[in-house]
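**Student:** give me a 3D structure for the following:
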Amino acid sequence: MTAIQQIVENQRAFYSNGNTRDYQTRKATLEKLKKMLKKYEHDIYKALRTDLNKSEQETYTTELGFLYAEIDFTLKHLLDWMEPKKVNAPITHKGTKNYIVSEPYGVSLIISPWNYPLQLALAPAVGALAAGNCVVIKPSEHSSATSSLLARMIARTFDPSFITVVEGEKETNQELLRQRFDYIFFTGSTEVGKIVMRQASEHLTPVTLELGGKSPAIVDKDANINLAAKRIVWGKFTNAGQTCVAPDYIYVHDSVKFKLLKAMKKYIKSFYGKEPLQNSNYTRIINASHFDRIIGYLSDGTVLHGGNFDRQSLMIEPSILDKISWDDHVMQEEIFGPVLPVLSFTNVEEAVEMISKQEKPLALYYFGENNKTQEQVIQYLSFGGGSINDTIFHLANPHLPFGGVGNSGMGQYHGKSSFETFSHQKSILKQSTKFDVPFRYPGSKIGKAVIKRIMN
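**Tutor:** Purely as a prediction, here's the structure:
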C-alpha cells in the first residue's frame, strides 16, 4: 500500500467511526482552523511574498481576510444549516413526516491552484469540514513556499486522519485521482478539469470544478467612465491579473473608448506608480513558463500602455492592448496575467451577440446606467456570476454562490453553498403506524378510483 493509499484508508476509518459529524466537533474544528491562521499569520505573509511578491495588504484582503470572514460566517450559521429541513407532502402522504438531512459525503479531496494558494486551498475546506467530511488537500507545487507552510500548519494542528496536506508534482495528483474519494473539489484550468472529471467517473465520484475562461468587461456609452476605469483596473491587475475572475478583455462602446482608456492609464499610475516594475508591492508572475506565455501576448495589436517586463523578477507591467481583433492569439485563451486587450462595439446588442458565441465565462461585468439594458445582458448571456458597475466584488459576499457554467466549471461554493456542496441531501419519509390507508395496495376495489381522484 502506497503512502497516499494509506492516507485515504486512515481517513475513511476515521470518518466511519463517526469522529467528524456532531455539531460540537465541526464547530471546534473551524475555530481551531481560524486560530491556526492567526498563529501563523506572519509566516503566511512571508510565504506569499516569496511565491508571488504579495504585499501584506493584498495578502490580507484576498487571502487571510477572506478566510476569516468565511469561517466566521460558517460558524454563525452552521447549527441552522445542520438542522433537518421539514418539507410539505401531498394529500396522498397524509400521516407522514417528510424532511431532508444534510449528510457528509465522507473523505473529500481538494486540489487547489497557485494563484491564491492559501485561500483556494482552505475556503473549500471550510465547507467540507462544516459539512462533516475528512479532507485531503493537494496544493499547487508552483507556489511551493505557501504549499510547504500549509502542510506544516495543518500537520501541527490536526490529526492527519482528519485533515492532511499532500504535497507533490503532477505524479502526486495522478495517484490521488486514482483513489476512491467520496467527493473531489478542483480549482484550476479547464484542460486539467476535464482530466479530473474523467478520473472521477471511474468511481462515479461527484465533483465540483472551478475553472476559468475569458471574462468580459462591457463598458456601455452611458457608463460612469471614471468609476468603470478605476474598478476595471483594480479587478484586472490585482495579483498581476492572476485571478480566475479578472476581466480578461474590455468590450467598450466606440463613443467612450478614448475617455475610458485615458482614465485607465491614470489609475494604473495611481495604483502602481509610474514604474510598476520598481514597485516593491507589485505582484510577480508565478514562474518563467507563465511569464513567457504572457509576454507573448504583447506582440498582438498595439501596446497602448505598459508593455515593459523584467525576466529576472518575473514582473510584467499592467499593459493595455489596442487594435485587437477576435482572431488574435490573445483572444483565444484565458490570459491570466496583467495584459488587457480592448475591443469596441457600436451598439450593445452587437457586443452581446458576439460574447454569446464564445465559451461561457466564469464572470461577466457590465458598466452602464440603464436598468433595462443591465437586465437584458444578465438574461441573454450565460456566465458563472458577475457584477453590474463593478468587478470581482461579488466574490466577497458569502450569501452569493460562486461557480462556473459550461467550460468555466460546474458546482458552486462560498457560505451556505460550500456546506451544501460537500453534503448529500438525504430525503426521509417517516410513516405513521397509527393507521394504514388500504387503497394503495393490490386488490383494493376502490383503489384506482380513489387514487385518480386524489392525484387529480
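**Student:** drop to CA atoms for contacts and neighbour counts, all remaining ones
**Tutor:** Noted.
**Student:** contacting residues around Leu343?
**Tutor:** Tyr249, Ile250, Tyr251, Val252, Asp322, Lys323, Ile324, Ser325 (CA atoms under 8 Å, 6 or more residues apart in numbering).
**Student:** do that again at 10 Å, thanks
**Tutor:** 218, 249-254, 257, 321-326, 351 (CA atoms under 10 Å, 6 or more residues apart in numbering).
**Student:** give me the pLDDT value at it.
**Tutor:** The per-residue pLDDT reported for Leu343 equals 97.
**Student:** so after the helix or strand encompassing it, what's the next helix or strand?
**Tutor:** If you go by DSSP states H and E, Leu343 is part of strand 339-345. Reading on from strand 339-345 to the C-terminus, the next helix or strand found by DSSP H and E is helix 348-356.
**Student:** in that next one, which residues are buried?
**Tutor:** By neighbour count with 16 or more other CA atoms under 10 Å, helix 348-356 contains the buried residues Val348, Ala351, Val352, Ile355.
**Student:** just stretch 215-231 next, same as before
**Tutor:** Under 16+ other CA under 10 Å, the buried positions of stretch 215-231 are 215-221, 223, 225-231.
**Student:** which ones among those residues are found in strands?
**Tutor:** Pro216, Ala217, Ile218, Val219 (DSSP state E).
**Student:** distance of the second one from Ala228?
**Tutor:** Put plainly, it is Ala217. Taking CA to CA, to the nearest Å as the measure, Ala217 falls 9 Å from Ala228.
**Student:** just name the closest of the ones in strands among the buried residues of stretch 215-231 to Gln278, please.
**Tutor:** Ala217 (28.4 Å; CA to CA).
**Student:** any idea how far the closest one is from Asp22?
**Tutor:** 45 Å.
**Student:** picking up where we left off before, using JSON lines, lay out the buried residues of helix 348-356 together with pLDDT and distance to Ser280.
**Tutor:** Shown next, in JSON lines, are those (pLDDT from 0 to 100; distance: CA to CA, whole Å):
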{"residue": "Val348", "pLDDT": "94", "distance to Ser280": "40"}
{"residue": "Ala351", "pLDDT": "95", "distance to Ser280": "38"}
{"residue": "Val352", "pLDDT": "96", "distance to Ser280": "39"}
{"residue": "Ile355", "pLDDT": "97", "distance to Ser280": "37"}
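**Student:** in space, what's closest to the residue nearest the centre of the chain - neighbours in sequence excluded?
**Tutor:** Geometric centre of the chain, nearest residue: Glu210, 5.1 Å, by CA atoms, centre = their mean. Distances taken as CA to CA, 6 or more residues apart in numbering put Thr187 closest to Glu210, at 4.6 Å, once the chain neighbours are dropped.
**Student:** what of Arg180?
**Tutor:** His203 (6.4 Å).
**Student:** where's that neighbour, which helix or strand?
**Tutor:** Residue-wise, His203 maps onto no helix or strand under DSSP H and E.
**Student:** wait, isn't it in contact with Gln179?
**Tutor:** Yes. Because the distance of 8.7 Å satisfies CA atoms under 10 Å, His203 is recorded as touching Gln179.
**Student:** taking the contacts of Leu343 together, which two end up most distant?
**Tutor:** Leu321 and Ala351 (18.4 Å).
**Student:** give me the contact list for the helix or strand encompassing Ala145.
**Tutor:** According to DSSP H and E, Ala145 maps onto helix 144-157. Here helix 144-157 makes contact (CA under 10 Å, 6+ apart) with 29, 32-33, 35-37, 39-40, 43-52, 112, 114, 116-118, 121-122, 137-141, 160, 163-168.
**Student:** buried ones in stretch 8-18, by neighbour count?
**Tutor:** Val8, Glu9, Asn10, Gln11, Arg12, Phe14, Tyr15.
**Student:** nearest to Ile71 among the buried residues of stretch 215-231?
**Tutor:** Nearest to Ile71 among these, with distances taken as CA to CA, is Arg231, at 27.1 Å.
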